[in-house]
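**Q** This is a predicted model, with the sequence first.
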Amino acid sequence: MADPAQAHPPTTPSTPPGGGFGALTDEALFDRARLTRYFDILRKRAWLLLAVFVAGLGLAVLYTLRQPKIYEATATVVVNPQSPRVFGSKSEEVIELGTGSYWSNQEYYNTQLDVIRSFPLALATVNATRAGAGQFAAELVPAAKAPLLSETERVELAATRLKRMISAEQAPESRIIAISVQHVDADLARDLANTHVESYLASMRGKRTIGTEKASFILAKEVDVARAQLDAAAAVLYDFRAKNDLGAGSIEGKQSVLSDQISRYTAALTDAQIKRRELESLRTRIKSLQADDVLKSPLFALLSNNDIVESLKAQYHAEAKTFREVASEFGPKSEKYIQQKGKVADVLTAITNEADRAVREVEERYMVAVRTEQGLSAELERLKLEASGLGPVAKRYSELAREHDAADTSYKEKYSQLQNSQAEGRNELINIEPLEQARDAYLVSPRLTVNLVVAAVLSLILGISLAFGLEYLDQSIRTPGDVEALTGAPLLGVIPIVPESPGDTPQAMQARDMFVFRNPTSRAAECCRAIRTNILFASTDRRIKTITVSSPRPREGKTTTAIYLGTTMAQSGQRVLVVDTDMRKPRLHKSLGVSKAKGITNLVLGDATHAECIKSTDIPNLFVLPCGPLPPNPAELLLTDKFKSVLAELEQHYDLILLDSPPVLAVTDAVVLARISEGVILVAHAGTTTVDDLRAAARHLRAINAPILGVILNDINVDDRQYGGYYATYGNYSETAAQAS
């Protein structure tokens, strides 16, 4: 009877459920599978994680309880980059912001932190007196050790111990420095913090006083030198003035007067030159017009007496008109004619005389302009010569004056610095001021919460590391994916753990071997039906009659698997014969409840018939051929032609023969059976079969060209997440397999 599942072979979808859009890529599936694998490892080793976690917390609690309690007290101060200044009789605190770069200011603050943590400052604090308790040195040195030390050694030891207790830290982007002291005594820690601040302030005041005294002493010497230089410069300047008969400011006055005169004469000379050139042009033009008719010449238009001449010209024309009338009326010999002619001549003479006078006037004006220009030019040259003669004296005077002014400025600056230094020396303000005293000390160590958190984190890290380390050291087959990678053969399926009848007693083994038959709807039965379907699909191109079922090592479930396969094959309607070929430790007869008196060895030796050796079972269509008497040389018996002929004869009567073989790596029987059978199924036990054993078994079988149909992974916990995916894959075929059965 054919398996109906063959008509509908299982297919693997090309895309994940849900369609192409939004489907997970292979890389995403791989990453998710890897993360799932990591989670499964942690879940598998949960007991280890819990144990390490609890142990870590317990050790943290124990450690915390055994540690001494340490308290910390903190006082704060404000450190300014510049010291306060004193102005007049009033003290004002002036902070010069931005007086240096960020790095220079930071260097200053780092220096102050080192000073606060220094041994000399700790020594000053140790030598201070604590209110009502004497010096701190007595409280910082153990009482048992104090008598063995001198006073100096005791104080230095106390300062060394205090130096280790002190910490100083600048607040970010702030001028506030926190000074902290840790001690097992909370009150002592508070008093030490406050006293150390006072020691720091006193130290800075002392440095400021010493610094201002030194600066004042140096500045006083510099003021004396500057004063002497100023007196010498003033004496040289006085002698120069007396030698050159110069009053106060006379050089400058003379230079100013000469400069003004030169400017005025230069302007006047320029005007005179312009006027002379104008007159010269006028003179030249008048001379060129003197030969013209005085009545028609444009000469008078260029002269200043033009109005008089025009009047004379009008009179001339009137007399000439009258003359023409008289000449026409009386004739040239008349008395009136002669008189009128005389009048005309007199007016013409007057016009001519006026023209001559105007020409002489222009000539005189021109000569005056020439003399004026010459006089101004001579005076200007004299002034320039006088100014150039005064230059060397003025230059030397300026040099001496500049030297005197420089000496005076230097003296004033030095004197002002001396005054400021002396004022700062009298000023008690420094650039350090206390901000807040330490009022109470708080517990800083041991801190149970912090220790528990650290212990929890470290415990988790250690537990996870141990879990993955143990998983790495575990060389057993852990996942179905390991099977195909190691053998190169397909995974036919998985068989889950059978919960009923645990143990190795005969009753327990028989109950486990018959579990699939007695529980046809169980997970194990579903998985076996899926394996049956995969075996049938593995042999679609040829009919397989004989299959060897083996395992790398003993006790890996090959006999149970052979019975499960025989059961599911028989339930599909096939006549199945299970042959116990493990002639060293046979077990089939116990599981199926038959006698092993006669079996395969009897058939090979020919002293029994098939009917005598082959037994029926409670499972319909499933028959069993026990081992029979154990031979001394099983491998040689299996190599005989008689065994092959017996096997060939059995194939004529049964649809499928399953050979329950010895382990591959234990003896050579499995290799012999693999060569004469048509297919080999390897059984691996999850968590027991090692990687090396499964790889070696597959290598042995491939070395003889044995056809490996696939691998069955036995005794798997399908509730485990790392196996659940495979169970779901093969479980998809359970419904079809159940229908086929």
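**A** Now that the structure is in, tell me what you want to look at.

**Q** what's the distance between the residue nearest the centre of the chain and Pro81?
**A** Centroid-nearest residue in the chain: Pro172, 19.7 Å away (criterion: Cα atoms, centre = their mean). Remark: distance between Pro172 and Pro81 (Cβ to Cβ, to the nearest Å) = 17 Å. Backbone N, C-alpha and C define where each C-beta goes, glycine included.

**Q** Does the residue lying closest to Ala226 once chain neighbours are set aside belong to a helix, a strand or coil?
**A** Nearest non-adjacent residue to Ala226, counting by Cβ to Cβ, 6 or more residues apart in numbering: Tyr411, 4.0 Å away. When classified by DSSP: H, G, I helix; E, B strand; the rest coil, Tyr411 comes out as helix.

**Q** what's the burial count for Tyr411?
**A** 21 (other Cβ atoms under 10 Å).

**Q** what's near enough to touch it?
**A** 223, 226-227, 229-230 (Cβ atoms under 8 Å, 6 or more residues apart in numbering).

**Q** Return the member of the residues you listed nearest to Ala193.
**A** Val223 (44.8 Å; Cβ to Cβ).

**Q** what's the nearest residue to that closest one if we skip its chain neighbours?
**A** Nearest non-adjacent residue to Val223, counting by Cβ to Cβ, 6+ apart: Lys414, 4.6 Å away.

**Q** Tell me how far that neighbour lies from Val236.
**A** Taking Cβ to Cβ, one finds Lys414 at 21 Å from Val236.

**Q** These two: which has the busier surroundings?
**A** Just comparing Lys414 and Val236: by other Cβ under 10 Å the higher neighbour count belongs to Lys414, 19 against 12.

**Q** Now do the contacts for that one.
**A** By Cβ under 8 Å, 6+ apart, the neighbours of Lys414 are 219, 222-223, 226.

**Q** which intervals of the stretch 351-500 of the chain have sub-threshold pLDDT?
**A** The stretch 351-500 of the chain contains residues with pLDDT under 70 at 386-387, 389-391, 421-429, 474, 478-479, 500.

**Q** cutoff 90 now
**A** Scanning the stretch 351-500 of the chain for pLDDT under 90 picks out 351-370, 372-452, 455, 463-491, 493, 495-500.

**Q** Could you say which helix or strand holds Val309?
**A** According to DSSP states H and E, Val309 maps onto helix 306-329.

**Q** Buried ones in that helix, by neighbour count?
**A** Across helix 306-329, burial judged by 16 or more other Cβ atoms under 10 Å covers 308-309, 312-313, 315-316, 319-320, 323, 326.

**Q** Then stretch 196-210?
**A** Neighbour-count burial for stretch 196-210, counted by 16+ other Cβ under 10 Å, picks out 196-197, 199-200, 203-204, 208.

**Q** how close does Thr609 sit to Thr690?
**A** From Thr609 to Thr690 the distance is 43 Å (Cβ to Cβ).

**Q** just Ala232 next, same as before
**A** In terms of Cβ to Cβ, Ala232 sits 108 Å off from Thr690.

**Q** With neighbour numbers in mind, choose between the two.
**A** Thr690 (17 against 13).

**Q** If that one is in a bridge, with which residues?
**A** Thr690 forms beta bridges with Ser476, as assigned by DSSP bridges.

**Q** how about stretch 614-621: buried residues?
**A** In stretch 614-621, counting by 16+ other Cβ under 10 Å, buried: 614-615, 617, 619, 621.

**Q** Quote the end-to-end distance of that stretch.
**A** 13 Å (Cα to Cα, to the nearest Å).

**Q** which outside residues touch it?
**A** Against stretch 614-621 from outside (Cβ under 8 Å, 6+ apart): 514, 517, 566-567, 570-571, 573-577, 592-595, 623-626.

**Q** cool, and stretch 267-284?
**A** Applying Cβ under 8 Å, 6+ apart, the set of residues contacting stretch 267-284 from outside is 302, 362-363, 365-366, 369-370, 372-373, 376-377, 380.

**Q** Could you dump these into TSV and include secondary structure?
**A** Below are the contacts of stretch 267-284 laid out as TSV (three-state DSSP):
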residue	secondary structure
Leu302	helix
Val362	helix
Glu363	helix
Arg365	helix
Tyr366	helix
Ala369	helix
Val370	helix
Thr372	helix
Glu373	helix
Leu376	helix
Ser377	helix
Leu380	helix
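
**Q** And Ile286, how far from Ala355?
**A** 9 Å.

**Q** nope, Gln273 is what I was after
**A** In terms of Cβ to Cβ, Gln273 sits 29 Å off from Ala355.
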